[in-house]
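# Everything below, folded, please.
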Amino acid sequence: MARVLLADDDPAARLTLQTVLEAGGYQVDAAASAAEAVSLLDQSEYELVLSDLAMESPEAGLKVLAHARMKDYRPATALVTSWRAKAPKGSRSRASRMLVEAENVPELLGQVANLIGTRASRRIRRLRKS
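Predicted structure coming up:
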């Protein structure tokens, strides 16, 4: 069972996404703030980190994803939003390449599986090179 960290300060969105992900077979730890997410990242390993962009600050989610990418185990990362929104103006970083949208559950679960699968493929390639 893949472990997912979900960071979102909106309780309804967080609970909805957590429920959908758990129904999809994922083990989910949920954080209500960037600080809580960073703390969880320091305590456990995750295959995927999903974070809302704006929590306690407009770009708190980017900080969560940046912290996740510094981990040796290199989890897959993505911004998640429960409403249709454009990527932040001028944002072309790796963190903003993919916005997972929760309005279509099968599509959401497919995107999550794809992110985790891509991460696994990268890990296998790295191991073969070693």
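
# for the most centrally placed residue in the chain, phi and psi?
In the chain, the C-alpha nearest the mean C-alpha coordinate belongs to Leu50, at 1.5 Å (Cα atoms, centre = their mean). Leu50 adopts backbone torsions of phi -110, psi 130, taken as degrees, to the nearest 10.

# List the buried residues for whichever helix or strand Arg125 is part of?
Assessed by DSSP states H and E, Arg125 sits inside helix 105-129. Going by neighbour count (16 or more other Cβ atoms under 10 Å), the buried part of helix 105-129 is Leu108, Leu109, Gln111, Val112, Leu115, Ile116, Arg119. Just so you know, the C-beta spots here come from the backbone N, C-alpha and C atoms, and that holds for glycine as well.

# hmm, which two among these are most spread apart?
Pairwise distances across the buried residues of helix 105-129 (Cβ to Cβ) peak at 17.0 Å, for the pair Leu108 and Arg119.

# and Asp29, that one's in a strand?
Yes: according to DSSP: H, G, I helix; E, B strand; the rest coil, Asp29 belongs to a strand.

# Verify the stated contact: it with Arg3.
Yes: counting by Cβ atoms under 8 Å, Asp29 touches Arg3, with 7.1 Å between them.

# where do the contact lists of these two overlap?
Listed as contacting both Asp29 and Arg3 by Cβ atoms under 8 Å, 6 or more residues apart in numbering are Ser44, Tyr46.

# ok, back up a step: I'd guessed the residue nearest to the centre of the chain sits against Arg3; true?
No: applying Cβ under 8 Å, one finds Leu50 not in contact with Arg3, separated by 11.6 Å.

# which residues are common contacts for these two?
What both Leu50 and Arg3 touch, as defined by Cβ under 8 Å, 6+ apart, is an empty set.
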